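Colleague: have a look; sequence and predicted model below, questions after that.
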Amino acid sequence: MSILISGLILFFAAHVVPMRPALRAGLRTKLGEMGYKAAFSLVSLTGFALIVYGYGEARMAGSPLLYDPPVWLRHVTMLVMVPVFVLLVAAYAPGGRIKAGVKHPMVLAVKIWAVAHLLANGDQASVLLFGAFLVWGIVDRISLKRRGDIGGAAIAVPSKSGDAIAILAGLALYAAFIVVLHEWLIGVPVV
């Protein structure tokens, strides 16, 4: 469990820096733009690798059960996950009303993903992992609002093609996760 916790601390330490504009500006000045991006990426990827390894290790060791969700919540989770993939693609698709309306589709996707997985997983490692991402998503959204970051709302002309890309690619990615990717990447079959 200590590897998972270390990974979460490292990952979120990197992701808190953008929430602190003065700290971020100081690091950019000290390291340069490319140095800042390299350091951010290195710390984030190291934290992410520790999260993945630590979560797998905790699951294999038999993480204590904090609550036992009913089986039907797994079906709810599968349904709630559909917009997550659309939002993930919308965050990077060109234009689109989804991005303009949601403002920060990636942050919303992370929060929905975390809640959905908390519905289906009651072991200590899962609660720690998904709970940490949910808390980060809430704090990040509040931070973005306070900083006046309007995200996707800054797009001048939302395009229907951006929405079509987000919906079609998001649904295709969702289907791929259901059929093969979740088991291949996470080690747990969805169905």
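Modeller: Looks like it arrived, so ask away.

Colleague: ok, now how distant is the residue nearest to the spatial centre of the chain from residue 87?
Modeller: When the chain is reduced to its mean C-alpha position, the closest residue under CA atoms, centre = their mean turns out to be residue 110, at 3.6 Å. Between residue 110 and residue 87 the computed distance is 9 Å (CB to CB, to the nearest Å). Any C-beta I mention is one placed from the backbone N, CA and C, and that applies to glycine too.

Colleague: likewise for residue 164?
Modeller: Taken as CB to CB, the spacing of residue 164 relative to residue 87 amounts to 15 Å.

Colleague: so between these two, which is more surrounded?
Modeller: Neighbours of residue 164 and residue 87, each counted by other CB atoms under 10 Å, are more numerous for residue 87; the result is 24 against 12.

Colleague: tell me which residues touch the more buried one, please.
Modeller: With CB atoms under 8 Å, 6 or more residues apart in numbering as the criterion, the residues that contact residue 87 are 98, 102, 105-106, 108-109, 112, 166, 170.

Colleague: just checking, residue 123 touches residue 63?
Modeller: Yes: counting by CB atoms under 8 Å, residue 63 is a contact partner of residue 123 at 4.0 Å.

Colleague: how far away is the nearest residue in space to residue 40 that is not next to it in sequence from residue 38?
Modeller: Of all residues not flanking residue 40 in the chain, residue 14 sits nearest, at 5.5 Å (CB to CB, 6 or more residues apart in numbering). Remark: distance between residue 14 and residue 38 (CB to CB) = 12 Å.

Colleague: more crowded one of the two?
Modeller: Legend: neighbour count by other CB under 10 Å for residue 14 and residue 38, higher for residue 14 (19 against 12).

Colleague: and this structure, what are its domains?
Modeller: According to automatic domain parsing, the chain is divided into the following domains: 1-62, 64-191.

Colleague: of those, which stretch is the most buried?
Modeller: domain 64-191 (a mean of 17; mean count of other CB atoms under 10 Å).

Colleague: could I get the average pLDDT for it?
Modeller: In this model, domain 64-191 carries a mean pLDDT of 89.

Colleague: first to last residue in that domain, what's the distance?
Modeller: The stretch domain 64-191 measures 23 Å between its terminal residues, going by CA to CA, to the nearest Å.

Colleague: ok, then the element right after the longest helix seen in the chain?
Modeller: Of all the elements of type helix in the chain, the one with the most residues (DSSP state H) is helix 21-61. Following the chain from helix 21-61 toward its C-terminal end, the next helix or strand by DSSP states H and E is helix 72-80.

Colleague: quick one: contacts of that next one?
Modeller: With CB under 8 Å, 6+ apart as the test, helix 72-80 has contacts from 112, 115-117, 119-120, 178, 190.

Colleague: what is the helix or strand residue 164 falls within packed up against?
Modeller: Element membership of residue 164, judged by DSSP H and E, is helix 160-176. Counting contacts by 3 or more CB pairs under 8 Å, 6 or more residues apart in numbering; DSSP states H and E, the secondary-structure elements packed against helix 160-176 are helix 82-92, helix 97-102.
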